[in-house]
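>>> Can you look at this prediction? I've put the sequence above it.
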Amino acid sequence: MPTEEEILLVEEFGTIFAQYCSSRSAGRILGWLMITEEPQSLDDIAKGLKVSKATVSNNTRLLEQMGLLRKIGIHGDRKDYYHVADGVWTSTLAAGLQKLTAMQRLAQTGLKLNAGPKSQTRFAEMNDTIQFLTDGYLKLLAEYQNHRKDKNPY
């Protein structure tokens, strides 16, 4: 049974997710799985968060697509179980880099168009900004990997 502090943290995950990236329910589910020691079934999560199984099903699918959760099976049990994937935060940075690369391809395609000067300026700014962010991401990932060498694995 979660403590009051853990429940408050789960709710804060929901608030932050709702403000910045997804639904409140998705944030609460991620928060729940961060505080639980063992993988959880849809039923376990729904019971723990006091929400419908449909809400949990939809949002675990979303979180899985985002790379934040991993679905696993347990021998002898037909249910699917979910847990926060190992290395999820490093993977999130790598996924961000992939998104930037895709956006930069769009910018570079736009620069090749025979478009007007305002359009060219917008594409040039997009390309420059994304290149700056990509360079930063690559440096950040390298620094983090170096930082992790001196730490115990999670």
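Happy to help now that I have it.
>>> tell me which residues in the longest helix along the chain are buried?
Of all segments of type helix in the chain, defined using DSSP state H, the longest is helix 117-149. Across helix 117-149, burial judged by 16 or more other Cβ atoms under 10 Å covers 123, 126, 127, 130, 134, 137. The C-beta positions use only the backbone N, C-alpha and C, and glycine is treated the same way.
>>> Out of those residues, flag the one nearest to residue 91.
residue 137 (13.0 Å; Cβ to Cβ).
>>> can I assume that closest one is in contact with residue 99?
No. Judged on Cβ atoms under 8 Å, residue 137 makes no contact with residue 99 at a distance of 9.9 Å.
>>> On the three-state scheme, residue 115 is what?
Classification of residue 115 using DSSP: H, G, I helix; E, B strand; the rest coil returns coil.
>>> how near is it to residue 125?
Note on residue 115: its distance to residue 125, by Cβ to Cβ, to the nearest Å, is 14 Å.
>>> for this structure, what helix or strand is lowest in average pLDDT?
Least confident helix or strand, the chain: helix 88-112 with a mean of 89, by mean pLDDT, DSSP states H and E.
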